[in-house]
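>>> Make a model of this:
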Amino acid sequence: MIDNFGIFLVATVTLNLTPGPDMMYVLARSIGQGRVAGIVSVLGGSTGRLLHTLAAAFGLSALLLSSPRALDFVKYAGALYLVYLGLRALTERVGASPVVRPERASLRSIYRQGFITNALNPTVALFFLAFLPQFVDSARGSVAVQMILLGLVFTASATFWSAGVAMLAGSVGNWLSRHPRAWRAQRMLMGVVFVSLGVRLALLG
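Now for the predicted structure:
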């Protein structure tokens, strides 16, 4: 039912394994306030991702109804955006210590901050609009259902990985602080994967 699902899984795992703003927030909360705070921050971020999944799914479905060529346009635009994300990851400068610890907060505030950080981030919204449609085929059934399934897989993968990071936050955070080259290497891996994915999907049309 889902087009190129294997490629989707590779891209998803690569993205989730690469330290980004979400992981740094989880690390910071876990190191500063313990595992429970880290898990709560993970749940807040996951809720935000689900919101973006629904928005992307139903928004693109409505777009398809209004124009039979809309999905092709979104796919090409998305492929270009994936290339942009990859190039940005390859050229990003990384400081000596990527983990910045925020002030202590209540669990409710931590959850709310994790949710808002994802839900109101236009970059996250654009990423979902660019990433998910690349693996949708309107000939295989409901576009909305395919998008929701992809979003659920992506969110579940990110949630489990981030929860594991939260549980191991002390050692993971300290290790990243001592080895900024590892952070850089993972960013480069993500960059190569997304540039390659964007080019491939653009050429396939």
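
>>> where does this protein have its least confident helix or strand?
Least confident element among the helices and strands of the chain, by mean pLDDT, DSSP states H and E: helix 169-178 (a mean of 67).

>>> Can you give the distance of stretch 26-39 from its chain's centre?
Stretch 26-39 sits 20 Å away from the centroid of its parent chain (Cα atoms, centre = their mean, to the nearest Å).

>>> Show me what counts as buried in that stretch.
26-33, 35, 37-39 (16 or more other Cβ atoms under 10 Å). No exception for glycine: its C-beta is placed from N, CA and C like everyone else's.

>>> Also stretch 45-57?
Result for stretch 45-57 [16+ other Cβ under 10 Å]: buried residues 45-53, 55-57.

>>> send the alpha carbons of it over as CSV?
C-alpha atoms of stretch 45-57 as CSV (Å, rounded to 0.1, in the frame of the first residue of the first chain):
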residue,chain,number,x,y,z
GLY,A,45,7.3,16.3,21.0
SER,A,46,5.5,13.2,19.7
THR,A,47,2.1,14.8,20.2
GLY,A,48,3.4,17.7,18.1
ARG,A,49,4.5,15.3,15.3
LEU,A,50,1.1,13.6,15.3
LEU,A,51,-0.5,17.0,14.8
HIS,A,52,1.7,17.7,11.8
THR,A,53,0.9,14.3,10.4
LEU,A,54,-2.8,15.0,10.5
ALA,A,55,-2.4,18.4,9.0
ALA,A,56,-0.2,17.1,6.2
ALA,A,57,-2.4,14.2,5.5
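
>>> Okay then, goodbye and thanks.
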